[in-house]
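Peer 1: Need the 3D shape of this:
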Amino acid sequence: MKGPATVPHPYPGKLIVVEGIDGSGKSTQLSLLRKWLDAKGYNIFFTEWNSSELVKETTRRGKKTKILTPLTFSLLHATDFANRLYHQILPPLKAGMVVLADRYMYTAFARDAVRGVSQTWVRRLYSFAVKPDLALYFRVPIEVSLARLLTGTRAELKYYEAGMDLGLSSNVVESFKIFQSRVLNEYAKIVEEFGLTVIDATLEIDEQQEQ
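Peer 2: Presented below is the predicted three-dimensional model:
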């Protein structure tokens, strides 16, 4: 059955998206790809999850005050995605550019499912999406992603990133492990359903690029 992002888009440009749990290294790899494509002379447009000016401030306030329910969170992200799709993704695709997206609707499919939002409803919510030309999933174990996050520049886990809103554990690290493990399980289903290309994100950066 035809669903969201299952039909190839008709535009001359290319849409490349990266997915993975926090700490998977997907953003680093996308940045390197961006530099490589730029050096090759490609016209590039970059977009990332939850960056639309339309809802970014609202989402920020909601996170800060910890008042976002799973459904509210889902709707805010869908609004962000819709706004960016029509104003940031489709125009460059129509112009023949390469669009690089740090996260796509698969992020919502994984996280919203873990937060108890109906998977059928979420897929219908994103039924306007276009199919990426290439979707890369950076697969990494929880312990590796956790170590990367805690040794990075911020050295602490965020409230919603750790799934603290779900009451999984009073310990933020344990909550992160439980929440992100469930997200990993959802991603495994998404890989099968939508045919994402899996990258072993435990490898060194240059080895990942060779994949």
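Peer 1: tell me the helices in the protein, going along the chain?
Peer 2: 26-39, 56-65, 70-84, 90-94, 105-114, 119-125, 142-150, 172-194, 205-210 (DSSP state H).
Peer 1: tell me the most buried of these?
Peer 2: Mean neighbour count, computed with mean count of other CB atoms under 10 Å, is highest for helix 105-114 among those, reaching a mean of 24. C-betas here are computed from N, CA, C, even on glycine.
Peer 1: From Lys189, how far off is the nearest residue to Phe176 once chain neighbours are set aside?
Peer 2: Spatial nearest neighbour of Phe176, excluding adjacent residues (CB to CB, 6 or more residues apart in numbering): Ala162 at 3.9 Å. Distance from Ala162 to Lys189, counting by CB to CB, to the nearest Å: 22 Å.
Peer 1: How about the contacts made by Leu37?
Peer 2: Taking CB atoms under 8 Å, 6 or more residues apart in numbering, we find Leu37 in contact with Ile44, Val98, Leu100.
Peer 1: Among those residues, which one lies nearest to Asp80?
Peer 2: Ranked by distance to Asp80 (CB to CB), the contacts of Leu37 are led by Leu100 at 16.9 Å.
Peer 1: Please look at that closest one and Glu48 and confirm they touch.
Peer 2: No. Look at Leu100 against Glu48 with CB atoms under 8 Å: they stay out of range, at 9.0 Å.
Peer 1: Can you name the residues that contact Val38?
Peer 2: Let me fix one detail, which is that residue 38 is Asp and not Val. Counting by CB under 8 Å, 6+ apart, Asp38 has contacts Ile44.
Peer 1: So Leu100 and Glu48 - more neighbours on which side?
Peer 2: Leu100 (21 against 15; other CB atoms under 10 Å).
Peer 1: For the more buried one, which non-adjacent residue is closest in space?
Peer 2: Beyond its immediate neighbours in the sequence, the residue positioned closest to Leu100 (CB to CB, 6+ apart) is Phe46, lying 5.0 Å away.
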